[in-house]
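# how would this look folded up:
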Amino acid sequence: MSKQFSDLGISAPILKALTELKIVEPTEIQLKSIPLLLSNTTDLVGLAKTGTGKTAAFGLPILQLIDTASPVVQAVILAPTRELGHQIFKNLEAFAQFLPEVSIAATCGGIPIKPQIERLSQPTHIVVATPGRLIDLIQRKAVNLQETKFLVLDEADEMVTILKESLDEIIAELPKSHKTLLFSATMPGTIKQLIQNYLNKNVVQVSANMETIGNQGIDHEYIVVDPIEKLDVLMHFLNSKEGERGIIFCKTKAAVNKLAKNLAINRFSSGALHGSLSQGIRDRIMEQFREGHINILVATDLAARGIDVKEVSYVVNYHLPDVYEAYVHRSGRTARAGAKGLSLTVLQPEEEKEIDDFEKELGIKFTKFKKPSTLSIEENNTLLWAKQIFKTKPNHEVDAELKTKIKTVFHHLTKDELIEKLLANYLLQNKNQIQEKPVKKLKRT
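Next comes the predicted model:
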């Protein structure tokens, strides 16, 4: 019989919350981490991919070990992005719904600091923060970490650079007896150096099976296209997924903006998400995506770590990621909570050979996605043209006399006849444009 959370020593109020959240069986990283952390005797390194339940692995024991009689900060959890920080905060609040005495605060960058300072002036047991904002709060003497028992570095591999610059300053504020818990998806040399420099020499390392729980339901597929047809093939795919929610990943902010603009022109319900946008805009777009007001999110890799939205049915890698781990985090945005999902990677011919490396490194199998025919793409583009017309708002500034003259031109046509003529005109113009285009060398996009 498989172990339950009660077998790990989790207390009744937290068990009740897990039942409410329909979280039944512990994942591998939770099985290995929770008993060790509840014993509160050692620093810990946890290796596990996205989707394996790392937040609960450290969050449940920390919640249980909080001394609610002491109104001081007892745990600090550092995250690389505000999106992930907000997600951790929401998860902890859900786990603590039957622990009303436990006080949790989110103090991440990108939003005004004054309300956070006011919040920290009240009794607080757990602080979820981004490193830069925490240092700002320390420098302003707005947070007291002198009695903090736990420092958690979540997704440490994503914030190595900033940790190298800021960890000394943060640790200087903590008591020497604090425990450090480091969770990471990978173990590059820079993380090993962090462990050597900042964690106890008797640190315990646990690792979960690198096949993630959340990713077992993902179909990994790829499609090979020439650069000139890339956008048309993508829009053909998106039309086939109409009404479903998905995320498209690009390498750069410029590529995100360009693709989002093209999708908007073609009347796809979409939004762009990258680091150069203000936090207010990023929050608004994420809220629209969560609430289903937009169906497609076009994002950079930075956004991958903080997006935990149910019912994302597909992920598109519009550009092949530079590192294998980025693929894991991108594809991990779909097939959440046991659902099925598709991760489609769009490749140019010279990139196809790289699929073998991704399969070997990540232990997954890709299948080839059938490219639509030229005729099917042309038909899809024609359909998009029709939707553009349908969704175009009337221009009420056009002169009334001109409108009357135009209506006179068309007044004897039936609706069907008008559609036939519009369609014929579109196809003729499209054909002429193709014939007039100069031949260019294909460029990599």
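
# Could you look up the SS state of residue 268?
With DSSP: H, G, I helix; E, B strand; the rest coil as the basis, residue 268 sits in coil.

# which residues are contacting the helix ranked longest in the chain?
Looking across the chain with DSSP state H, the single longest helix is helix 415-436. Counting by Cβ atoms under 8 Å, 6 or more residues apart in numbering, helix 415-436 makes contact with 378, 381-382, 385, 389, 410, 413, all of which sit outside it. In short, each C-beta sits where N, CA and C put it, glycine included.

# Recalculate using a threshold of 6 Å.
Contact partners of helix 415-436, identified using Cβ atoms under 6 Å, 6 or more residues apart in numbering, comprise residue 385.

# Please apply the same query to stretch 272-289.
Applying Cβ under 6 Å, 6+ apart, the external contacts of stretch 272-289 come out as 110-111, 253, 256-257, 260, 271, 294, 297-300, 302-303.

# Of these, which one scores lowest on pLDDT?
Checking pLDDT across the contacts of stretch 272-289, the minimum falls on residue 303 at 62.

# which non-adjacent residue is nearest residue 233?
Spatial nearest neighbour of residue 233, chain neighbours left out: residue 225 (4.9 Å); criterion: Cβ to Cβ, 6 or more residues apart in numbering.

# What pLDDT is listed against that neighbour?
Residue 225 is assigned 94 on the pLDDT scale.

# likewise residue 169?
On the pLDDT scale, residue 169 is placed at 91.

# What is the burial count for it?
The burial count assigned to residue 169 is 13, neighbours taken as other Cβ atoms under 10 Å.

# if I pick it, what's in contact with it?
residue 135.

# helix or strand for it, which one?
Mapping residue 169 onto the secondary structure by DSSP states H and E places it in helix 160-171.

# Check the gap between residue 84 and residue 219 for me.
In this structure, residue 84 lies at 26 Å from residue 219, with Cβ to Cβ, to the nearest Å as the measure.

# more crowded one of the two?
More neighbours surround residue 84 than the other of residue 84 and residue 219, with 24 against 17 (other Cβ under 10 Å).

# Now do the helix or strand containing that one, average pLDDT.
Using DSSP H and E, the element containing residue 84 is helix 82-95. Averaged over helix 82-95, pLDDT sits at 91.

# for it, which positions count as buried?
Neighbour-count burial for helix 82-95, with 16 or more other Cβ atoms under 10 Å as criterion, is recorded at 82-89, 91-95.

# chain center to that helix, what's the gap?
Distance of helix 82-95 from its chain centroid, counting by Cα atoms, centre = their mean, to the nearest Å, is 13 Å.

# next helix or strand past it?
Where DSSP H and E defines the elements, the next helix or strand beyond helix 82-95 is strand 104-107.

# Can you point out the buried residues in the following helix or strand past that following strand?
Past strand 104-107, heading to the C-terminal end, the next element that is a helix or strand (DSSP H and E) is helix 114-120. By 16+ other Cβ under 10 Å, the buried positions in helix 114-120 come out as 116-117, 120.

# again with stretch 174-181
Applying a neighbour-count criterion of 16+ other Cβ under 10 Å, the buried positions in stretch 174-181 are 174, 178-181.

# Need the nearest residue in space to residue 156, chain neighbours excluded.
residue 184 (4.4 Å).

# wouldn't that neighbour be in contact with residue 154 here?
No: in this structure residue 184 lies outside contact range of residue 154 using Cβ atoms under 6 Å: 8.6 Å.

# which neighbours do those two share?
The contact sets of residue 184 and residue 154 do not overlap (Cβ under 6 Å, 6+ apart).

# Residue 108: how many residues sit nearby?
When neighbours are counted by other Cβ under 10 Å, residue 108 comes out with 25.

# Can you name the residues that contact it?
82, 85, 130, 133.

# confidence score at it?
Residue 108 is assigned a pLDDT of 90 by the prediction.

# And it, how far from residue 153?
Per Cβ to Cβ, residue 108 is found 15 Å from residue 153.

# sec struct for the closest residue to residue 317 other than its chain neighbours, please.
Closest residue to residue 317 in three dimensions, ignoring its sequence neighbours and counting by Cβ to Cβ, 6+ apart: residue 345, at 4.1 Å. Using three-state DSSP, the secondary structure recorded for residue 345 is strand.

# beta partners of residue 345?
When bridges are assigned using DSSP bridges, the partners listed for residue 345 are residue 222, residue 317.
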